[in-house]
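Colleague: Could you work out the structure for the sequence below:
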Amino acid sequence: MSTQNKLMTNWRWWLCSLPFVATTVNYLDRQVLSLTYEEFIKPMFHWTDADYGKITGYFSIFYAIACLFAGKFIDWMGTKRGYLIAIFVWSAGACLHAACGWATMHIEGFESMVAMKAVEAGSNAALAIATTGVYLFLLCRGILALGEAGNFPAAIKVTAEYFPKKDRAFATSIFNAGASVGALAAPLTIPPLAAKFGWEMAFIIIGALGFIWMFFWQFMYDKPEQSKHVNEAELVYINQDEVVPDETGKTLDGKGDEEKQMSFIKAFTYRQTWSFIVGKLLTDGVWWFFLFWAPSYFQNQFGYKASSGMGMALIFTLYAIVTVLSIFGGYLPKLFVEKHGMEPYAGRMRSMLIFAFFPLSALLAQPLGAQSAWWPAILIGLAGAGHQAWSANLFSTIGDMFPKSTIATITGIGAMAGGVGSLIIQRAAGSLFTYSEAAGEAFTFLGFTGKPAGYFIMFCFCGLAYLIGWCIMKALVPKYNPVEI
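Modeller: The predicted model follows:
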């Protein structure tokens, strides 16, 4: 076995880099709107925070609906073709955002976008521009959501195909770190692009990255048993969970359930499915809240625009903390399994409990923000790192419990729940911020007034969501209980 290990190829780690890059591009595409909203798009389209909350909220529900079918689509189409189609659709949708200003200008009968921007705030013309712009952006966000819904089901399926259970959380944390890296790269690239070439080109340039990724995926991915880059030793390592003794003591590869499919109705009969749903429903919206609202928060609360040096530094710091700490989140259950002999699911749940305490740091973001903008950046970064580590392990619970042929389907169902949770949070945040800003001193919460009080309310929910989610998940599936179909 030691000789075999020395000769073992490591193609699985090269394959893991592709979902990492795809997830990075995925989150870059999502961030273009949030990083151009307050400074570039809001004044052009005469939007309020409620309008922005509507767009981000409905993006979440579009994403949720698409996720319900995306997982099934990936299982049906296969990992290779399914992933290609998904990234093509979302990249096209990302680029289409650039046409929203031009289309609004023509629909509303303006000679130029400069004239459209110069319309008096609060006028009927401004309201018409805002309404048309919202619907056009919703159309583009819908296309973006349709494609992006395929990313995580496909990526989780890749890790299940290429990694044994004990390594999946670590592999998932690596590709899932793409969300943090995308959010980390976004403030350094998108605002300068928008300032230099216009916000439209920011959408086009970032959106085009997905088309480049498609080339590498086409030539690098094959199933492990079909890949010329995977030797026999690596294949044995990948399939170590599937080798089971039969009645005579001989080993079989245990692939009997590999091609069996599970209907949606059947999937909802399992407590394991509902455990995953709860975990996603309560926590995905927290991450998306930070993703969509952090740039606006730093500008409204502290006066730092996303394109300013300080604005970029704050957002970069936030996601640098997320990126560095979250990668270790996938290693912790591996440590519990290999060093302490724990069963993978038990090690994963213990890790998730630890990470559920990290978001509590968000409770201090608003109080300490009175001293410096760096405190919210650091504390929200810790909360985000907790989310990403939590998310990597949450995704891996699917591989613990379900056959490979159903993983994308269950992932899609959970992602749908996460989208629903995000819709609720985004709409609530947008309405809350608009209302609290208008109410001013009349709106109070724990010593804060006006819009800062609204931010504090949202941070309190974000901080507590993970511990609540973990308790419900543990009640639903207290111990390892794999699903058989």
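Colleague: Could you use CA atoms for every contact and neighbour count after this?
Modeller: Noted.
Colleague: where in the protein is pLDDT low?
Modeller: By pLDDT under 70, the low-scoring segments of the chain are 1-6, 242-260, 327, 329-330.
Colleague: Touching, Thr283 and Leu464? I think so.
Modeller: No - judged on C-alpha atoms under 8 Å, Thr283 makes no contact with Leu464 at a distance of 9.6 Å.
Colleague: Neighbour count for those two, which is higher?
Modeller: Neighbour totals were compared for Thr283 and Leu464, and Thr283 leads with 27 against 20 (other C-alpha atoms under 10 Å).
Colleague: quick one: which helix or strand includes the more buried one?
Modeller: Secondary structure from DSSP states H and E places Thr283 in helix 271-302.
Colleague: residues contacting Ile410?
Modeller: Each residue near Ile410 by C-alpha atoms under 8 Å, 6 or more residues apart in numbering is listed here: 71, 267, 273, 398.
Colleague: do that again at 7 Å, thanks
Modeller: Ile410 makes contact with 71, 273 under the criterion C-alpha atoms under 7 Å, 6 or more residues apart in numbering.
Colleague: Please enumerate the strands of the stretch 351-485 of the chain.
Modeller: 444-445, 448-449 (DSSP state E, counting those that start in this stretch).
Colleague: so which of those is the most packed in?
Modeller: Highest mean neighbour count among those (mean count of other C-alpha atoms under 10 Å): strand 448-449, with a mean of 18.
Colleague: to the chain's geometric centre, what's the distance from it?
Modeller: 31 Å (C-alpha atoms, centre = their mean, to the nearest Å).
Colleague: Next: stretch 19-30.
Modeller: For stretch 19-30, the distance to the chain centre is 9 Å (C-alpha atoms, centre = their mean).
Colleague: Next: stretch 209-217.
Modeller: On C-alpha atoms, centre = their mean, the centre of stretch 209-217 falls 19 Å from that of its chain.
Colleague: Just the CA atoms of that stretch, as CSV, please.
Modeller: Coordinates of the C-alpha atoms in stretch 209-217 are reproduced here as CSV (Å, rounded to 0.1, in the frame of the first residue of the first chain):
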residue,chain,number,x,y,z
LEU,A,209,-14.6,35.1,-17.6
GLY,A,210,-17.1,32.2,-17.6
PHE,A,211,-16.7,31.6,-21.3
ILE,A,212,-12.9,31.1,-20.8
TRP,A,213,-13.6,28.6,-18.0
MET,A,214,-15.7,26.5,-20.3
PHE,A,215,-12.6,25.7,-22.5
PHE,A,216,-10.7,24.2,-19.6
TRP,A,217,-13.6,22.2,-18.3
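Colleague: Now that stretch: buried residues?
Modeller: By 16 or more other C-alpha atoms under 10 Å, the buried positions in stretch 209-217 come out as 209-211, 213-214, 217.
Colleague: Could you export those residues as JSON lines, including distance to Tyr52 and secondary structure?
Modeller: Output for the buried residues of stretch 209-217, formatted as JSON lines (distance: C-alpha to C-alpha, whole Å; DSSP: H, G, I helix; E, B strand; the rest coil):
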{"residue": "Leu209", "distance to Tyr52": "25", "secondary structure": "helix"}
{"residue": "Gly210", "distance to Tyr52": "25", "secondary structure": "helix"}
{"residue": "Phe211", "distance to Tyr52": "28", "secondary structure": "helix"}
{"residue": "Trp213", "distance to Tyr52": "30", "secondary structure": "helix"}
{"residue": "Met214", "distance to Tyr52": "31", "secondary structure": "helix"}
{"residue": "Trp217", "distance to Tyr52": "34", "secondary structure": "helix"}
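Colleague: Including distance to Gly101, could the residues you listed go into JSON lines?
Modeller: Below are the buried residues of stretch 209-217 laid out as JSON lines (distance: C-alpha to C-alpha, whole Å):
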{"residue": "Leu209", "distance to Gly101": "22"}
{"residue": "Gly210", "distance to Gly101": "23"}
{"residue": "Phe211", "distance to Gly101": "24"}
{"residue": "Trp213", "distance to Gly101": "28"}
{"residue": "Met214", "distance to Gly101": "28"}
{"residue": "Trp217", "distance to Gly101": "33"}
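Colleague: Counting neighbours, what do you get for Trp470?
Modeller: For Trp470, using other C-alpha under 10 Å, the count is 22.
Colleague: Which residue is the nearest non-sequential neighbour of it?
Modeller: Computed as C-alpha to C-alpha, 6 or more residues apart in numbering, the closest residue to Trp470 that is not its neighbour in sequence is Leu353, at 6.6 Å.
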